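> only geometry, no sequence info:
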């Protein structure tokens, strides 16, 4: 997490902060791998190769900056607990010696730079190159013609929905189904450089008969505001082969599968291309018919408007929607004994707002917003509540409350409550106190009519490690073994021409590397990745022959698909 934060600060132009985070990450990870092996040494190597060239020239080009940053890292490290440094094994012996070497290496860096002018000169050249790389990366991600990442997920969903709609209604697909199409579902898709689907594989289940697959092409345009504009959908072909049955060498199943069926020009012409821009305009027109506000809300003459929120709350063990994002919760304590309050609560991630208030507090109304689903617990059922998120297409649009996203708050508050926000209270660690600080021992009032657990979406998989354990219990996954890793290595070896290499003493002929077995699973049946597989919660998945690739977001996990012999994830390049 610290390495990724360092890269983000570097791209944002905060050089010193990036350097501090990078050295902190390197220091702590170097300690960690003395105790925890697995894939962590490879992950450290990857981070040093990817983040290092962007950040290290900042330090190497300016010895005085390096001295300041190193001192800051050492001060922070000495005052911040480290579970690895505090272990008993770290206090003596070989581990203690290695820890001392790591610390001494960090402390020597400024003097090494001061005494090596050639290294400093070389770093200054490298710094200019890294700036050019960042500018190019920024242009690729955020320049004209690129989609705003905040809209990428919603845009992908709209394209997937359009592909399903085309597959369900296209005359050629209906003819292949022999009549009624029972169900359709996007299984996989290929993405463009802009991270939008360009070729989608849609599974089609007829009312009777065998399922088949429609290959649908999507051609998207991006508006000057970096939003999804028009998207034209077209049917490329239908095939009886799902992904795992296709030859790994095929680039295009429609061209390479001799049994693929393509619609004629006449059939294709019967269906108008789907236009997302027109669909979006229609949706917005429909939304405008709903007023952004409370029906018959009567506010007291004097009241305060308080806003509170965060990007997300603390993670909970279940999901509250089908977004694939891990559910979070924010506990809200409201203390405004002198004046009634209206609340504006907002988070980006799917969040449960668990509200309580002091005995002298009166909550007159609550407006809650966010990108994904927002849910409110603890509030009296009689209290006026307006829930407007992107996912529920709320009449007020969507908003969330963070210190760097304050601009939408006052205009929305004036629109709904007739006045601006009096104070913003950022939530931290899933908690926020709104109004005056709570006195010790004050008991909050909360309604038991709606509790947080009532929002558990039991049709969505559990999140993070709990979701993986649940999948094992259900027989969807099993723990991977050394034999599974060996099978992957053997399959890769058999699929590639043998290189003319001599054997190595004690090792023989070098074989393809095996997947790591730390937190590794074999996929046994159709499966959807649980949300939250990032950082320490990431895993490795091995997909045997004949098993479909899981749905959902694999996060930072590595996926070894023996059907295609492709590996997806950060560890793949390290193996």
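Looks like it came in fine. Note that the structure is a prediction, hence the values are computed from the model and not measured. Residues are numbered from 1 along each chain as shown.

> hey, let's count contacts and neighbours off CA atoms from now on
Fine.

> Just to be sure, residue 301 is in a helix?
No: counting by DSSP: H, G, I helix; E, B strand; the rest coil, residue 301 is not part of a helix but coil.

> and the gap between it and residue 291?
With distances taken as C-alpha to C-alpha, to the nearest Å, residue 301 is found 23 Å from residue 291.

> Between these two, tell me which one has more neighbours.
residue 291 (12 against 6; other C-alpha atoms under 10 Å).

> Can you get me a residue count around the nearest residue to that one once chain neighbours are set aside?
Leaving aside its sequence neighbours, residue 291 sits nearest to residue 395 (C-alpha to C-alpha, 6 or more residues apart in numbering; 6.1 Å). Neighbourhood size, residue 395 [other C-alpha under 10 Å]: 20.

> Next: residue 80.
Other residues within reach of residue 80, judged by other C-alpha under 10 Å, total 9.

> For burial, what's the neighbour tally of residue 125?
Residues lying near residue 125 (other C-alpha under 10 Å) number 12.

> What of residue 86?
Residue 86: 10 neighbours (other C-alpha under 10 Å).

> cool, residue 440 as well?
Around residue 440 there are 6 residues (other C-alpha under 10 Å).

> Can you classify it by secondary structure?
Per three-state DSSP, residue 440 ends up coil.

> Lowest mean pLDDT among the helices and strands of the protein, which one is it?
Ranked by mean pLDDT, DSSP states H and E, the helix or strand of the chain with the weakest confidence is helix 276-288, at a mean of 41.

> What score does the residue of the chain most remote from its centre have for pLDDT?
Using C-alpha atoms, centre = their mean, the residue of the chain lying farthest from its centre is residue 505. It sits 44.6 Å away. As predicted, residue 505 sits at a pLDDT of 73.

> who are the neighbours in contact with it?
For residue 505, the contact set (C-alpha atoms under 8 Å, 6 or more residues apart in numbering) is empty.

> all helices of the stretch 251-400 of the chain, in order?
Using DSSP state H, counting those that start in this stretch, the helices of the stretch 251-400 of the chain run over 253-256, 265-269, 276-288.

> Residue 55 and residue 139, how far apart?
Note on residue 55: its distance to residue 139, by C-alpha to C-alpha, is 19 Å.

> Compare neighbour counts for those two and give me the winner.
Neighbour totals were compared for residue 55 and residue 139, and residue 55 leads with 26 against 13 (other C-alpha under 10 Å).

> before we move on, which element is that one in?
In the assignment (DSSP states H and E), residue 55 maps to helix 52-60.

> For that helix, give the mean pLDDT please.
Per-residue pLDDT over helix 52-60 has a mean of 91.

> Same question for stretch 399-413.
On average, stretch 399-413 scores 92.

> try stretch 92-103
If you average the pLDDT over stretch 92-103, you get 89.

> what sits up against that stretch?
Counting by C-alpha under 8 Å, 6+ apart, 27, 30-31, 34, 85, 89-90 sit against stretch 92-103.

> Stretch 53-64 now?
Stretch 53-64 is contacted by residues 6-7, 10, 15-16, 18-19, 22, 65-66, 110-111, 113-114, 119-124, 126-127, 130-131 when judged by C-alpha under 8 Å, 6+ apart.

> that older thread, out of the contacts of stretch 92-103, list just those in helices.
27, 30-31 (DSSP state H).

> Please tabulate those in JSON lines, including the columns pLDDT.
Shown next, in JSON lines, are the ones in helices among the contacts of stretch 92-103 (pLDDT from 0 to 100):
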{"residue": "27", "pLDDT": "94"}
{"residue": "30", "pLDDT": "92"}
{"residue": "31", "pLDDT": "90"}
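
> Just the closest of these to residue 418, please.
residue 27 (52.1 Å; C-alpha to C-alpha).

> one step back: I'd like to check the angle between whichever helix or strand comes after the helix holding residue 55 and helix 52-60, please.
Counting by DSSP H and E, the element after helix 52-60 in chain order, helix or strand, is helix 63-79. If you take axes from the mean of the first three to the mean of the last three C-alpha atoms, to 10 degrees, helix 63-79 sits at 110 degrees to helix 52-60.

> Pull out the buried positions in helix 63-79.
For helix 63-79, a neighbour-count test (16 or more other C-alpha atoms under 10 Å) marks 63, 65-67, 69-71, 73-74 as buried.
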